[in-house]
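Engineer: give me a model of this one.
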Amino acid sequence: MLFLQFLLLAVLLPGGDNADAAPEHVSFHVIQTASFANQSWAQCHGSGWLDELQTHGWDHESNTISFLHTWSKGNFSNKEFLYLNVLFRAYSIGLIQDIQARASQYSVEYPFEVQMNAGCELHSGESPKSFFQVAFEGADLLSFQNTTWVPSPDCGSWAQSVCDLLNQYEGIKETVHTLLRSTCPRFLLGLLDSGKMYLHRQVRPEAWLSSRPSLGSGRLLLVCHVSGFYPKPVWATWMRNEEEQLGTEYSDILPNADGTWYLQVTLDVASEEAASLSCRVRHSSLGGQDIILYWGHHFSMNWIALVVVVVILVILIVLVLRFKKHCSYQDIL
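Structural biologist: This is a model prediction of the structure:
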C-alpha cells in the first residue's frame, strides 16, 4: 500500500506527470544525541530531517516536538503527534536512566555521548527501507535489523552484551519495528504532500566576486560566491573564454538560515592572468540563462558604482549649501 501511495504521490507533485520529475530518493530521519557529563547530569537533543532540511526540533522546556515549518505535521493529526510526543519523552527519560545505571557496569568513563539516527527511505520503484543506528562517541555501536538489535562489527563483547539486553524487551522491539516500517513511511509521504509548494520552489542565486592575496608571490585567490539558491543542485566554475579552468576548487554546499544554499568556488592564479577570467553559474531557477561574472568587469563596475556614489554625494552637498544660503538670505530680509 505504501509503495502504491508513493507512485501516486510522484504523479500528483508539481511536474510529476513524467518519470524524470519523480523523486528518485527521499528520506526522513530523526537524530538524537544524549550527552552525559557525570552520573547525575545528562541531556538529550533531538531533531527531525527531511533529507537535509530540518523540519522538527525538541523543546527542552516543554519536552515536546517543535514544528519548524507550517507543513511539518504532514498529514498526521494532533492525536497522533500527542502519542508520538509521549512515546519520545518516555524513550528519552528511559534511555538516560538506563545508560546512567549501567555505565559503571561497562566501565564507561564520563563525559561521553550516545548518538542515534533512525528513519526511513523511499526509492523510486522500490518498497520503503528503514534504519536505526546507534553510535558511542561517534563510532558505530549497534543497529536494528528486521526485528533484532545487532552489534556493529569490531565493537567488542560489550556491544553484544547491550544487544542481548535490548533483545529481551519484545514490546520495545515491536514498537520500534512499527515506527520504522509503518509510521515513518506514512509520515514521510504526508510531509512530501503537505510541503510540496515549499519543496518544489525555485529561488534564483545571487553571485558576486571577491579576491584575496594568495600564498605565492604575485598571485591572487579569486572567489566566486553563489548564495540564496534552492533547490540544492547547482553548477558553478571559473572559465577562460569557454574553457573550464583546471585547479578550480569548490567548498561544500552549505545551508543558509532561510533554507537556501551557499557555495564558494575559488581559483589561484597569477595576478596578470586574472583579467580574462569569468565565473559561470548554472541553476534550475535561471531558466537556462547562466549567470556570468567577468573579473575585469567586476572591477569596472565597482569603480562605476563608486563614481556614481561620489557624484550623488556632491550633488546633495551642493543642494544643502544652497538651501542654507537661501534660508540665511530670507532671515536677513
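Engineer: stretch 273-281 spans what distance, first to last residue?
Structural biologist: 21 Å (Cα to Cα, to the nearest Å).
Engineer: show the average pLDDT along it.
Structural biologist: Regarding stretch 273-281, the rounded mean pLDDT is 94.
Engineer: which parts of that stretch are buried?
Structural biologist: A274, L277, S278, C279, R280, V281 (16 or more other Cβ atoms under 10 Å). No exception for glycine: its C-beta is placed from N, CA and C like everyone else's.
Engineer: same question, stretch 53-70
Structural biologist: Of the residues in stretch 53-70, those buried (16+ other Cβ under 10 Å) are L53, T55, H56, G57, W58, T64, I65, H69.
Engineer: all the helices of the stretch 201-333 of the chain, residue numbers only.
Structural biologist: Under the criterion DSSP state H, counting those that start in this stretch, helices of the stretch 201-333 of the chain are mapped to 295-332.
Engineer: can you name the two of the buried residues of stretch 53-70 that sit furthest apart?
Structural biologist: Pairwise distances across the buried residues of stretch 53-70 (Cβ to Cβ) peak at 20.6 Å, for the pair L53 and T64.
Engineer: show me the shaky parts of the stretch 151-300 of the chain.
Structural biologist: Along the stretch 151-300 of the chain, segments meeting pLDDT under 70 span 297-300.
Engineer: can you list the buried residues of stretch 53-70 in a markdown table and add secondary structure and distance to G247?
Structural biologist: Compiled in a markdown table, these are given as follows (DSSP: H, G, I helix; E, B strand; the rest coil; distance: Cβ to Cβ, whole Å):
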| residue | secondary structure | distance to G247 |
| --- | --- | --- |
| L53 | strand | 33 |
| T55 | strand | 39 |
| H56 | strand | 42 |
| G57 | strand | 41 |
| W58 | strand | 44 |
| T64 | strand | 51 |
| I65 | strand | 47 |
| H69 | coil | 40 |
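Engineer: of the residues you listed, which is the nearest to C224?
Structural biologist: Of the buried residues of stretch 53-70, the one sitting nearest to C224 (Cβ to Cβ) turns out to be L53, at 25.1 Å.
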